[in-house]
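*Asks:* when you get a sec, could you give me coordinates for this:
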Amino acid sequence: MLRELKTLVAVARHGTFAAAGQQVGLSQSAVSAQIRGLEQDLGVRLFDRSGRAAVLNAAGRHALPLAQQILALYGQMALPSAVAEWRGQLRIGAIATLQTGLLPDALPAFRALAPLIEIKLVPGVSLDLLSQLDAGELDLALLIKPPFELPKDLLQVSLASEPFVLIAPLDIPGEDPLALLAEQPFVRYDRRSFGGRRVSQFLRQQGIEVRDALELDELEALVRMVECGLGVSLVPLAGLWRQRPTQLRILPLGELTFHRELVAVLRRSQRQPALDALLDCLRGSTAAA
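*Replies:* Here you go, the predicted structure:
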């Protein structure tokens, strides 16, 4: 039964029997036979088949998280209770500023607690990392707090809160952030990203129509664009640019300050001592910052 459940998860993730077979090492006909046998055992059809595509129906959508939970529980049966005895790999997805911020501070402490665990670090933007976690491709995702409710099977842990500030080239005068936003070209934090959505929300609330000069998601590149004189920007007070000399003016927003919340997200069914230890190290690094 475990073999069939793994195949069910693979088909749901990859969308066709052929693609799922490549992932689990089975032929397309073997995948089809396993799914057919699982459906017969359960007494329900799990997929709507249209051509080569296999799409979960209502019964399949109900069964999938339960199958994932069963597989996760089975996998935990052989795991040691002491973190120091854990072996294997943890797949951690992280946005760029967390890769260069909290993670380097937290991982030495985690390494001391769990020396046998290998960390695989996967870069990405918040929405992509959340999708990879949901697909079972990550064990933990470190990202900006999503502006929507997460599925009930995902656990969200708060890590840090970063205030947004206005940055401007040294040669642009003025002390009023709102006036600078209205008057100067704007280098925009990608509005599709979770952090960029916070910027767009702030501009709407203040009734400011900016003149977009450029839009990008990478904060380090965004800061460099402002240093080179392309305009002003609203960015979180985070990243490697804070650790080097800059050609910038940094203006706090005062009472109008808004924040970017950093969180860790994991599957409730896959929570285990090693992940809890890593979360403790991340929170410890936040407290020491």
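*Asks:* rest of the way, CA atoms for contacts and neighbours
*Replies:* Noted.
*Asks:* can you list the buried residues in the longest strand that the chain contains?
*Replies:* For the chain, the strand with the greatest residue count under DSSP state E is strand 154-169. Using 16 or more other Cα atoms under 10 Å as the test for burial, strand 154-169 gives L154, Q156, L159, A160, S161, F164, V165, L166, I167, A168, P169.
*Asks:* the first one reaches Q270, doesn't it?
*Replies:* No: taking Cα atoms under 8 Å as the contact criterion, L154 and Q270 are not neighbours in contact, 9.6 Å apart.
*Asks:* what is the burial count for Q23?
*Replies:* Each residue near Q23 was counted by other Cα atoms under 10 Å, and the total is 12.
*Asks:* ok, F194 next?
*Replies:* Applying other Cα under 10 Å, we find 21 residues neighbouring F194.
*Asks:* how much space separates it from G231?
*Replies:* 22 Å (Cα to Cα, to the nearest Å).
*Asks:* same question for A63.
*Replies:* 52 Å.
*Asks:* toward the C-terminus, what is the element adjacent to the longest strand of the chain?
*Replies:* Counting by DSSP states H and E, the next helix or strand C-terminal to strand 154-169 is helix 177-183.
*Asks:* tell me which residues of stretch 25-44 come out buried.
*Replies:* L26, Q28, V31, S32, Q34, I35, R36, L38, E39.
*Asks:* rewinding a little: please name the strands paired to the longest strand of the chain in the sheet, noting orientation.
*Replies:* strand 233-236 (antiparallel), strand 248-251 (antiparallel), strand 259-267 (antiparallel) (DSSP bridges).
*Asks:* got the contact list for the first one?
*Replies:* Read that as strand 233-236. 162-168, 181, 186-189, 199, 219, 226, 259-260 (Cα atoms under 8 Å, 6 or more residues apart in numbering).
*Asks:* from the contact counts, what lies against the helix or strand encompassing R91?
*Replies:* Using DSSP H and E, R91 falls within strand 88-94. Contact partners of strand 88-94 among helices and strands, from 3 or more Cα pairs under 8 Å, 6 or more residues apart in numbering; DSSP states H and E: strand 117-123, helix 126-134, strand 140-144.
*Asks:* how many other residues sit next to D171?
*Replies:* Neighbours around D171, by other Cα under 10 Å: 11.
*Asks:* which pLDDT value belongs to G75?
*Replies:* pLDDT for G75: 62.
*Asks:* wait, I meant K152
*Replies:* Looking at K152, its pLDDT reads 85.
*Asks:* shaky segments in the stretch 1-150 of the chain?
*Replies:* Applying pLDDT under 70 to the stretch 1-150 of the chain flags residues 72-73, 75-83.
*Asks:* can you map out the helices along it?
*Replies:* Secondary structure of the stretch 1-150 of the chain, counting by DSSP state H, counting those that start in this stretch: helices at 2-14, 17-24, 28-42, 58-76, 96-99, 102-113, 126-134.
*Asks:* of all the ones you listed, which lies closest to G207?
*Replies:* Judged by Cα to Cα, the one of these that comes nearest to G207 is helix 126-134, at 27.1 Å.
*Asks:* endpoints of stretch 204-216, how far apart?
*Replies:* 19 Å.
*Asks:* before we move on, the earlier item: just put the helices of the stretch 1-150 of the chain in JSON lines and tack on distance to D212.
*Replies:* Below are the helices of the stretch 1-150 of the chain laid out as JSON lines (distance: least, Cα to Cα, whole Å):
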{"stretch": "helix 2-14", "distance to D212": "38"}
{"stretch": "helix 17-24", "distance to D212": "42"}
{"stretch": "helix 28-42", "distance to D212": "50"}
{"stretch": "helix 58-76", "distance to D212": "42"}
{"stretch": "helix 96-99", "distance to D212": "24"}
{"stretch": "helix 102-113", "distance to D212": "31"}
{"stretch": "helix 126-134", "distance to D212": "23"}
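*Asks:* which one of those lies nearest to I250?
*Replies:* helix 96-99 (18.3 Å).
*Asks:* what's next to that closest one, contact-wise?
*Replies:* Contacts of helix 96-99 (Cα under 8 Å, 6+ apart): P123, G124, V125, L142, L143, E218, A238, G239, L240.
*Asks:* repeat that for stretch 55-68.
*Replies:* L5, K6, L8, V9, A12, G15, V44, R45, L46, F47, D48, R49.
*Asks:* and the first one, how many neighbours does it have?
*Replies:* Using other Cα under 10 Å as the criterion, L5 is surrounded by 20 other residues.
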